[in-house]
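1. Predicted model and sequence below, questions to follow.
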2 protein chains.
Amino acid sequence: MLVLITYDVNTEDAAGRKRLRQIAKQCVNYGQRVQNSVFECNIDAAQYRMLQARLCAIMDPERDSLRFYNLGNKYQSRIEHFGVKPGYDSEGLLMI
Amino acid sequence: MLVLITYDVNTEDAAGRKRLRQIAKQCVNYGQRVQNSVFECNIDAAQYRMLQARLCAIMDPERDSLRFYNLGNKYQSRIEHFGVKPGYDSEGLLMI
């Protein structure tokens, strides 16, 4: 299933940027970065729970916000994109 | 149906911040801002097309990225949130 993960963190702060890098590193093991703080991961239910636990351990719950959206297995028709394509390669991410 | 809208723009730039404010203004007519550049809108298919056209007119397609995810009508069980709750009230947005 496709899980969309959105992460809200203040990246003007070095510690915030570090947390975003760590979140990205975990997410791209299972998918790709589609926007600066939006990730799409193709995972099963067990991987979902594991990834969620890891990301929650990285985030600062007093300052950051992390949302997960389960788009299910038939997600292709649910997504539309406009504008520039993602090109986040600094973490070895896929170009789409 | 619930449509999730994610907007990637460089907000270090004044013009980028202005575009984000304009995107937010359109989105909150139909829903709420759940993260800095993530919006959830409860709309029907006609409103979806209209909102999409408006947002595409605001964005800079050479610099920004706009993604739409249709979560359907049974979306409650698809969403999980961790960390701070959104409190974007500068545009008269809902607190959740």
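-> That came in fine, so what should we check first?
2. would you list every one of the strands in chain A?
-> Under the criterion DSSP state E, strands of chain A are mapped to A:2-8, A:31-35, A:38-42, A:65-70, A:79-83.
3. Could you pull up the mean pLDDT of stretch A:33-52?
-> If you average the pLDDT over stretch A:33-52, you get 96.
4. Return the set of buried residues in it.
-> Buried residues in stretch A:33-52, counting neighbours by 16 or more other Cβ atoms under 10 Å in any protein chain shown, are found at A:33-41, A:43, A:48, A:51-52. Bear in mind the C-beta positions are built from the backbone N, C-alpha and C, glycine included.
5. quick one, what contacts the spatially most central residue of chain A?
-> Nearest residue to the geometric centre of chain A (Cα atoms, centre = their mean): residue A:39, 2.8 Å. Residue A:39 is in contact with A:4-7, A:23-24, A:27-28, A:31-33, counting by Cβ atoms under 8 Å, 6 or more residues apart in numbering or on different chains.
6. Pick the one among the buried residues of stretch A:33-52 closest to chain B.
-> Sorting the buried residues of stretch A:33-52 by distance to chain B puts residue A:35 at the head of the list, at 3.8 Å, by Cβ to the nearest Cβ.
7. measure that closest one to residue B:73 for me?
-> Noted for residue A:35: a distance of 25 Å to residue B:73, by Cβ to Cβ, to the nearest Å.
8. With residue A:12 instead?
-> Residue A:12 sits at a distance of 38 Å from residue B:73 (criterion: Cβ to Cβ).
9. Same question for residue A:43.
-> For residue A:43, the distance to residue B:73 - Cβ to Cβ - is 24 Å.
10. Next to chain B, which bits of chain A? Give me the list.
-> Residues of chain A lying close to chain B by Cβ under 8 Å from any Cβ of the partner chain are A:4, A:6-8, A:34-38, A:52, A:55-56, A:59-72, A:77-86.
11. from these, which would you call buried?
-> Using 16+ other Cβ under 10 Å as the burial test, the residues of chain A next to chain B include A:4, A:6-8, A:34-38, A:52, A:55, A:59, A:64-71, A:78-79, A:83-84, A:86 as buried.
12. Most distant residue from the centre of chain A?
-> The outermost residue of chain A relative to its centre, with distances by Cα atoms, centre = their mean, is residue A:77 at 19.9 Å.
13. Need the pLDDT of that one.
-> Note on residue A:77: pLDDT of 93.
14. Tell me how far stretch A:60-75 lies from the chain's centre.
-> In terms of Cα atoms, centre = their mean, to the nearest Å, the centre of stretch A:60-75 is set 8 Å apart from its chain centre.
15. What lies in contact with it?
-> Stretch A:60-75 has contacts (Cβ under 8 Å, 6+ apart) with A:1-10, A:15-16, A:19, A:23, A:48, A:52, A:55-56, A:59, A:78-79, B:4, B:34-35, B:38, B:69, B:71, B:77-86.
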